[in-house]
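**Student:** model the following, please.
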Amino acid sequence: MKTLPKIRDAAQECVKCGTCMAQCPIYQETLEEPLVARGKLGLIESLNEGDGLSKRFSKIMGQCLLCGTCAENCPNGIRADEIIREVRSLLVKEKGLPLPKKAIFRHLLESKRLLPRLLKSGASLQPLFFKKIPEESGLRLRFPVPFLDSRRFIPPLAKDSFLELHSGWVRAEKEVMRVGLFVGCVSNYLFPRIGQAALNLLLRHGVSVFIPESQRCCGLPAFGSGDEHTPHSLALKNIEAFSGQDLQKVVAPCASCASMLKLDYPALFRETDPLRSRALEFSSKVIDASQFLAALLPDRTEGQGKQRQPLRRVTYHDPCHLRRKLGIFKEPRNLLQRLPGWEYVEMSEANRCCGQGGSFNIAHYDLSLKILQRKIQAVGESGADTVVTSCSGCLLQLMDGLHQEGMQKEVRHLVEMVSQDVPA
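**Tutor:** You can find the predicted model right below:
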């Protein structure tokens with residue numbers, strides 16, 4: 001973690017040109033100067049050693065999606081999102097984590113058995129606390145649950161998590177490669193079908209898959225909140241879980257998990273830390289599923305001739321962690337454009353943040369929905385029957401937004417779409 005003087009020096013490189021004002025999803029909804037990158041960096045510049053970090057300052061720093069839109073468009077290349085995250089780390093160091101986050105990050109996420117047992121119990125008890133929506137597979141709150149808005153669309157917990165169904169080596173019949181599969185929390189506990197789709201795709205194309213039962217949350221929710229202790233602990237566990245198997249790649253279907261594993265894990269270890277080399281080795285093997293599948297699967301668009309079956313339309317939402325952090329843009333579109341029976345249509349502002357932002361969606365639900373509204377409008381205008389993304393958080397956000405608007409459109413993960421249309 002950087003010291004205050006280094007963070008302040010980084011913030012001072014901002015020339016206050018205001019380019020970020022036309023790009024920031026939060027500023028476009030609030031028009032409040034402190035909430036745009038320029039405003040936040042100005043506040044950071046004014047900090048001095050020993051200054052008390054006020055509640056107002058903490059609140060302003062919390063109102064950032066860390067989407068990286070400002071950094072992507074900054075003419076001076078200022079990584080405001082990274083500076084703001086570093087400031088959040090300072091806040092956690094000085095004031096500690098809020099009690100709810102501390103309970104979730106330090107106890108649930110770090111516990112090997114508590115979270116799985118809690119969610120397993122939740123899956124059996126959810127009929128008592130949620131009511132089913134007849135037209136949809138999601139749930140609505142029956143009784144108030146702390147920190148969750150009763151309007152929220154909540155998918156049901158799976159009866160059996162993916163890691164309960166699959167663990168260890170799953171061998172391909174004609175093996176050409178060996179990879180690890182990092183499942184991710186949402187795919188594991190809410191949508192095991194995503195992990196199953198990824199597994200099926202890999203096996204069909206000769207890729208043997210190692211699925212360590214001991215793999216844990218990637219740590220991104222805690223990392224984005226300024227907690228560096230929990231991600232460091234989780235990183236050690238995940239690196240160990242995938243070690244010693246002679247894996248060529250570690251495939252992550254969730255773009256946010258892929259970004260955390262690949263880009264942020266090395267940053268959790270100091271240059272002098274003897275474990276940093278293991279983190280670097282692990283991260284070098286991590287690859288987002290869309291990038292891996294685009295190279296693995298044959299391009300079947302050539303020679304298909306005229307489509308005989310009726311076309312359905314599909315569009316794609318770019319996760320911020322995939323496009324802005326990992327720089328992956330073409331591969332998901334290429335995969336969707338290959339699908340027989342589907343017409344790919346590009347929605348307007350496909351790379352605009354959906355407003356999910358991890359815990360931002362919980363702490364600022366109304367603002368999150370306002371930001372999402374533009375995305376939902378773009379989905380509607382595209383005329384698509386199905387909207388696809390490759391981030392678990394974006395997936396949940398899109399489901400919620402379409403439900404709020406009463407739009408009967410399907411939301412699918414990229415690997416699901418590709419798996420259902422790719423033969424062996």
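**Student:** for the host helix or strand of residue 332, packing partners?
**Tutor:** Assigned by DSSP states H and E, residue 332 falls within helix 330-337. Judged by 3 or more Cβ pairs under 8 Å, 6 or more residues apart in numbering; DSSP states H and E, helix 330-337 is in contact with helix 289-296, strand 312-316, strand 342-344, helix 414-421. Glycine gets a C-beta too; all of them are placed from N, C-alpha and C.
**Student:** redo that, cut-off 6 Å
**Tutor:** Applying 3 or more Cβ pairs under 6 Å, 6 or more residues apart in numbering; DSSP states H and E, one finds that helix 330-337 makes contact with helix 289-296, strand 312-316.
**Student:** against which helices or strands is the first one packed?
**Tutor:** Which is helix 289-296. Judged by 3+ Cβ pairs under 6 Å, 6+ apart, the packing partners of helix 289-296 are helix 330-337.
**Student:** okay, now residue 32: neighbour count?
**Tutor:** Neighbour count for residue 32, taken as other Cβ atoms under 10 Å: 12.
**Student:** same deal with residue 388?
**Tutor:** 27.
**Student:** doesn't it fall inside a helix?
**Tutor:** No. Counting by DSSP: H, G, I helix; E, B strand; the rest coil, residue 388 is not part of a helix but strand.
**Student:** which residues does it contact?
**Tutor:** If you count contacts by Cβ atoms under 6 Å, 6 or more residues apart in numbering, residue 388 has them with 314, 316, 412, 414, 417.
**Student:** the third one: neighbouring residues, count only.
**Tutor:** Which is residue 412. That count, for residue 412 with other Cβ under 10 Å as the rule, works out to 20.
**Student:** bridging residues for it?
**Tutor:** Using DSSP bridges, the bridge partners assigned to residue 412 are residue 388.
**Student:** got the helices and strands packed on helix 330-337 as JSON lines, with mean neighbour count, distance to residue 24 and mean pLDDT columns?
**Tutor:** Output for those, formatted as JSON lines (neighbours: other Cβ atoms under 10 Å; distance: least, Cβ to Cβ, whole Å; pLDDT from 0 to 100):
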{"stretch": "helix 289-296", "mean neighbour count": "22", "distance to residue 24": "26", "mean pLDDT": "96"}
{"stretch": "strand 312-316", "mean neighbour count": "20", "distance to residue 24": "23", "mean pLDDT": "96"}
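**Student:** for residue 234, which of those is the nearest?
**Tutor:** For the helices and strands packed on helix 330-337, the distance to residue 234 is smallest for helix 289-296, at 20.3 Å, taking Cβ to Cβ.
**Student:** relative to strand 312-316, how tilted is the closest one?
**Tutor:** 120 degrees (axes from the mean of the first three to the mean of the last three Cα atoms, to 10 degrees).
**Student:** quick one: residues in contact with helix 289-296.
**Tutor:** By Cβ under 6 Å, 6+ apart, helix 289-296 touches 205, 251, 253, 328, 331, 332, 334, 335, 390, 414, 415.
**Student:** can you redo the helices and strands packed on helix 330-337 as a markdown table with distance to residue 28?
**Tutor:** What follows is the helices and strands packed on helix 330-337, written out as a markdown table (distance: least, Cβ to Cβ, whole Å):
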| stretch | distance to residue 28 |
| --- | --- |
| helix 289-296 | 28 |
| strand 312-316 | 22 |
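**Student:** among those, which is nearest residue 42?
**Tutor:** With Cβ to Cβ, the closest approach to residue 42 among the helices and strands packed on helix 330-337 belongs to strand 312-316: 35.9 Å.
**Student:** next SSE downstream of that closest one?
**Tutor:** Counting by DSSP H and E, what follows strand 312-316 is helix 320.
**Student:** who touches that following helix?
**Tutor:** 67, 68, 353.
**Student:** which among these count as buried?
**Tutor:** Among the contacts of helix 320, the ones that count as buried by 16 or more other Cβ atoms under 10 Å are 67, 68, 353.
**Student:** next up, the contacts around the closest residue to residue 337 other than its chain neighbours.
**Tutor:** In this structure, residue 337 finds its nearest non-sequential neighbour in residue 344, 4.7 Å apart by Cβ to Cβ, 6 or more residues apart in numbering. Residue 344 sits next to 314, 336, 337 when contact means Cβ under 6 Å, 6+ apart.
**Student:** in space, not sequence, find me the middle residue of this protein.
**Tutor:** The chain has residue 256 as the residue nearest its centroid, 3.1 Å off, counting by Cα atoms, centre = their mean.
**Student:** dump the helix or strand encompassing that residue to PDB, restricted to CA.
**Tutor:** Per DSSP H and E: residue 256 is located in helix 255-259. Taking Å, rounded to 0.1, in the frame of the first residue of the first chain, the C-alpha atoms of helix 255-259 are listed here in PDB:
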ATOM      1  CA  ALA A 255     -14.200 -11.100 -16.000                       C
ATOM      2  CA  SER A 256     -13.900  -9.400 -12.600                       C
ATOM      3  CA  CYS A 257     -12.300 -12.500 -11.100                       C
ATOM      4  CA  ALA A 258      -9.900 -12.700 -14.000                       C
ATOM      5  CA  SER A 259      -8.900  -9.100 -13.500                       C
END
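**Student:** next structured bit after that helix?
**Tutor:** helix 276-285.
**Student:** that next one - contacts with which helices or strands?
**Tutor:** Using 3+ Cβ pairs under 6 Å, 6+ apart: helix 276-285 touches no other helix or strand.
**Student:** need the residues that contact it.
**Tutor:** Defining contact as Cβ under 6 Å, 6+ apart, one finds that helix 276-285 is touched by 239, 249, 250, 262, 265, 266, 269.
**Student:** what's the first one in contact with, if anything?
**Tutor:** Contacts of residue 239 were listed using Cβ under 6 Å, 6+ apart, and they are 278, 282.
**Student:** and it, which of the three is it?
**Tutor:** Three-state call for residue 239 (three-state DSSP): helix.
**Student:** swap in the third one?
**Tutor:** Reduced to three states with three-state DSSP, the structure at residue 250 is strand.
**Student:** can you name the residues bridging to the residue lying closest to it once chain neighbours are set aside?
**Tutor:** Spatial nearest neighbour of residue 250, chain neighbours left out: residue 180 (4.2 Å); criterion: Cβ to Cβ, 6+ apart. In this entry, residue 180 is beta-bridged to residue 210, residue 250, by DSSP bridges.
**Student:** please report how far the closest residue in space to residue 107 that isn't next to it in sequence lies from residue 103.
**Tutor:** Using Cβ to Cβ, 6+ apart and skipping the chain neighbours, the partner closest in space to residue 107 is residue 114 (6.8 Å). The gap separating residue 114 from residue 103 is 11 Å, by Cβ to Cβ, to the nearest Å.
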